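Visitor: What follows is a predicted protein model with its sequence.
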Amino acid sequence: MNVATPSLRFKTYSKPWEVQALGNLGSFLGGGTPSTENRVYWSGDIPWVSSSDIKEGDFFGINLHRFISEDAIKNSATKKVPENSLLIVSRVGVGKFAVCRHEVCTSQDFTSFTPENCSIDFIAYQLYKNKNRLINLGQGTTIKGFTTGDLASFKLHIPEKGEQQKIADFLTSVDTKISQLTEKHRLLKDYKKGVMQQIFSQKIHFKDDDGNAFPEWNTHELAMLSESGISNGVFNDPKKVGKGFRLINVKDMYKGDSIEYSELTLLDLEPKLFEKNKVKYGDIFFTRSSIVPTGIAFSNVNLSEKEDITFDGHLMKISPNKKLVDPLFLAYYLRSYTPRKTLVSRGKQSTMTTIAQDDIKDIKLNIPALKEQQKIAQFLQSIDKKTSAVNEQIEQTKLFKKGLLQQMFV
């Protein structure tokens, strides 16, 4: 008998885990799609799911938004899958699966597994841990898939039912924590987006330290807020990558709310060329081209004090005049709705959408007094710090879960 034990167990359990085929642990059902031309079939109250309704990476997440009638079931290959079954995508998206708490019907892309005397949640976590093995069952070239027989013979190490449930409950609590943190992260991002719209449309006003109102906002052209106008970066020679100066590239523009110094690649440049294109604290960059129009003139800011940074020729740069504008405020402002809409509208479309210095230099920005800018920037940065802290918690909890899966399963 093929038995084994995991490295991490609850103290009350000591029996070895036995290898069992999935077919010995429950029964299987296929699925089908009722005729989409018969509207009556699609006006019932029985949930029907396709592979696109399964959320990748969340096997407790199913998007229930289509419902069929009893007549649809009678006149198609779809079947009612009992509650607390595992919906396994066996073609078109092989490897996705979800635990369904409700009675549902499925498309032909599924082979559904209903457990008998075992924990469905445990089986789900065990399959998740063995996901690569599951995916490798896929056969075919155009459409990969596997059969009920493939699943029935799929072998897993299985403990006694009490231990199954204990493991499943513990991991479910970890997943619940991840879900709560993810929702908190989403709410913080939505809050920031909403509050930015209100701040930059002047529906929310800040006051000075004495409680007095700040002066009216004034209009400035973008180029006039820069110490030296708008400039393009250096040619990125692939033969010179790997040593030299830190290079801000297009890919670095989308990684966070400021440029991450530690992730910058290296580019070997002549000292004179570097000095001409040297990046300072507070410099703001714009993307010059994009496949999609909304991707142009996307901005980000360098908040590093390092002295060895340059930037790529596919970007434009302004060095904010700190007597007029706070760099962090300007970075937030340029990402808000109205400036983004104006920047995108200046793009020129051909094979790609592009934008140049002359296209954006005269864009008018409504700017508050410097001290109000600083208050706004500090407020928005405090939200970003909270959001980043929550994101770090999510990543750490995911790492914790990954470690548990490695140690609690065979």
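Guide: In hand now; what should we look at?
Visitor: The nearest residue to L181 once chain neighbours are set aside is in what secondary structure piece?
Guide: The shortest distance from L181 to any non-neighbouring residue, by Cβ to Cβ, 6 or more residues apart in numbering, is to I394 (4.7 Å). The C-beta positions use only the backbone N, C-alpha and C, and glycine is treated the same way. Using DSSP states H and E, I394 sits within helix 370-408.
Visitor: Are there helices or strands packed against that helix, and which ones?
Guide: In this structure, helix 370-408 makes packing contacts with helix 120-129, helix 161-200, helix 327-334, judged by 3 or more Cβ pairs under 8 Å, 6 or more residues apart in numbering; DSSP states H and E.
Visitor: Tell me how far it lies from the chain's centre.
Guide: 14 Å (Cα atoms, centre = their mean, to the nearest Å).
Visitor: Name the residues of that helix that come out as buried.
Guide: 372-373, 375-377, 380-381, 383-384, 387, 390-391, 393-394, 397, 401, 404-405, 408 (16 or more other Cβ atoms under 10 Å).
Visitor: List the contacts of the spatially closest residue to I199 that is not a sequence neighbour.
Guide: The shortest distance from I199 to any non-neighbouring residue, by Cβ to Cβ, 6+ apart, is to I376 (5.9 Å). I376 makes contact with 199, 206, 329, 332, 368, according to Cβ atoms under 8 Å, 6 or more residues apart in numbering.
Visitor: how about those in CSV, adding neighbour count?
Guide: Listed next are these as CSV, based on neighbours: other Cβ atoms under 10 Å:
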residue, neighbour count
I199, 20
F206, 17
F329, 23
Y332, 25
P368, 24
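Visitor: Would you check which pair of those lies furthest apart?
Guide: F206 and Y332 (13.3 Å; Cβ to Cβ).
Visitor: So, low pLDDT: which residues of the stretch 101-250 of the chain?
Guide: Counting by pLDDT under 70, the low-confidence segments of the stretch 101-250 of the chain come to 138-144.
Visitor: if I look at the spatially closest residue to Y261 that is not a sequence neighbour, how far off is S262?
Guide: For Y261, ignoring the flanking residues on the chain, the nearest one in space by Cβ to Cβ, 6+ apart is S304 at 4.2 Å. From S304 over to S262 the distance is 9 Å, taken as Cβ to Cβ, to the nearest Å.
Visitor: One more: V99?
Guide: To S262, V99 is 39 Å away according to Cβ to Cβ.
Visitor: The two: which is more packed in?
Guide: The neighbour comparison of V99 against S262 (other Cβ atoms under 10 Å) goes to V99, with 20 against 6.
Visitor: List the buried residues for the helix or strand harbouring the more buried one?
Guide: For V99, the element it lies in under DSSP H and E is strand 97-100. Of all the residues in strand 97-100, those buried under the rule 16+ other Cβ under 10 Å are 97-100.
Visitor: which residues touch stretch 231-245?
Guide: With contact meaning Cβ under 8 Å, 6+ apart, stretch 231-245 is reached by 247-249, 265-269, 273-274, 277, 288, 308-318, 357.
Visitor: Please apply the same query to stretch 322-340.
Guide: So stretch 322-340 is in contact with 196-197, 200-201, 220, 224-225, 257-258, 281-284, 297, 299-301, 303, 320, 343, 363, 365, 367, 370, 373-374, 376-377, 380-381, going by Cβ under 8 Å, 6+ apart.
Visitor: ok, back up a step: identify, from the contacts of I376, the entry nearest to M253.
Guide: The nearest member of the contacts of I376 to M253, counting by Cβ to Cβ, is Y332 at 15.1 Å.
Visitor: wait, I158 sits on E18?
Guide: Yes. I158 is within contact range of E18, at 6.0 Å (criterion: Cβ atoms under 8 Å).
Visitor: between these two, who's got more neighbours?
Guide: I158 (22 against 15).
Visitor: give me every residue that touches the nearest residue to I291 once chain neighbours are set aside.
Guide: Leaving aside its sequence neighbours, I291 sits nearest to M352 (Cβ to Cβ, 6+ apart; 5.9 Å). M352 sits next to 289-291 when contact means Cβ under 8 Å, 6+ apart.
Visitor: Pull out the buried members of those.
Guide: Here, 16+ other Cβ under 10 Å leaves 289-290 buried among the contacts of M352.
Visitor: Now intersect the contacts of M352 with the strands, please.
Guide: Members of the contacts of M352 lying in strands (criterion: DSSP state E): 289-290.
Visitor: ok, so of the buried residues of strand 97-100, who is nearest A213?
Guide: A98 (54.2 Å).
Visitor: Excluding sequence neighbours, find me the nearest residue to T33.
Guide: S107 (5.1 Å).
Visitor: Please apply the same query to Q198.
Guide: That would be I204: by Cβ to Cβ, 6+ apart, it lies 4.5 Å from Q198.
Visitor: And the one you found, how far from P339?
Guide: Using Cβ to Cβ, one gets 17 Å for the distance from I204 to P339.
Visitor: Of those two, which one has the most company?
Guide: Between I204 and P339, P339 has the larger neighbour count (other Cβ under 10 Å), namely 22 against 13.
Visitor: And that one, how far from I318?
Guide: Counting by Cβ to Cβ - P339 and I318 are separated by 13 Å.
Visitor: Equivalent analysis for T342, please.
Guide: Applying Cβ to Cβ to T342 and I318 gives a distance of 15 Å.
Visitor: same deal with M253?
Guide: 14 Å.
Visitor: can you check K398 too?
Guide: 38 Å.
Visitor: With K166 instead?
Guide: On the measure of Cβ to Cβ, K166 and I318 end up 59 Å apart.
Visitor: between the two, which one's more packed in?
Guide: Per other Cβ under 10 Å, whichever of K166 and I318 has more neighbours is I318, with 27 against 19.
Visitor: what separates N321 from T338, distance-wise?
Guide: 22 Å.
Visitor: circling back to that earlier point, and the angle from the helix holding I394 to helix 120-129?
Guide: Relative orientation of helix 370-408 and helix 120-129, computed by axes from the mean of the first three to the mean of the last three Cα atoms, to 10 degrees: 100 degrees.
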